[in-house]
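Peer 1: pasted the sequence and its predicted model underneath.
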Amino acid sequence: RWDSSSLAGSGARLLSYGRRPNGQQRISSSRLTVNAVGDIISRFERKGFALKGLKLFQTPQDLAEEHYSELKERPFFPALVKYIVSGPVVWEGPGVVASARKLIGATNPLNAEPGTIRGDFAIVSGRNVVHGSDSPANGEREIALWFKEGELVDWEPTVLPWVLEL
Ligand code: IDP
């Protein structure tokens, strides 16, 4: 059983979200691992994406199983379900799905470049710190699993005109 300090130091897992009407996309991040939650969130903030949702809670097993339902036949599935222990974060911005994949790095940290999250904070696939959805559609599915109606914050960063060519 995790105590509160190990959970706080325990990491961030990214989900991705779909294309929005204005051409923006959203992603969400959950599974907080290593003592780098702030650092991981900071990487998305400094890139220019907007933080739209953030929760910290103990992930119920059925939610973790549903999130990774496509992988349920894989041998590492039970371990993966146990590994998702904490809450999701949602980011919004143009191309955020593909961009997040680059910020996160390859699934196997051995192949993840230094400078990426997995390249900097992970060693093995089974402890690769973050998740990022692989398509806008899958992101939409995942965010709907993790967030209820009204739980995402409707706001625009004041720096937006300096980040996007509006
Ligand atoms: P992704 O997270 O890079 O999109 P997926 O293929 O969707 O990679 O796999 C989901 C998660 O399952 C990975 O992030 C990793 O935590 C875990 N995983 C994938 N392959 C392995 C493996 O061979 N051993 C242990 N865990 C794995």
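Peer 2: Perfect, I can see it now. Numbers count the residues shown, from 1 in each chain.
Peer 1: need the residues of the protein near the ligand, please.
Peer 2: Counting by C-beta under 6 Å from any ligand atom, the chain comes close to the ligand at L71, F76, L80, T107, S125, G126, N128, H131, D134. Where C-beta positions appear, they are placed from N, C-alpha and C, glycine not excepted.
Peer 1: what number of residues lie near D39?
Peer 2: 13 (other C-beta atoms under 10 Å).
Peer 1: pLDDT value on it, please?
Peer 2: Note for D39: predicted pLDDT of 88.
Peer 1: can you check the one 5 residues further on too?
Peer 2: The predicted local confidence for F44 comes out at a pLDDT of 89.
Peer 1: pull out the buried residues from the helix or strand where it lies.
Peer 2: Assigning secondary structure by DSSP states H and E places F44 in helix 37-47. Neighbour counts using 16 or more other C-beta atoms under 10 Å place V37, I40, I41, R43, F44 of helix 37-47 among the buried residues.
Peer 1: pretty sure the second one sits against I117.
Peer 2: Translated: I40. Yes: between I40 and I117 there is a contact under C-beta atoms under 8 Å: 5.8 Å.
Peer 1: quickly list what's touching both of the two.
Peer 2: V129, V130 (C-beta atoms under 8 Å, 6 or more residues apart in numbering).
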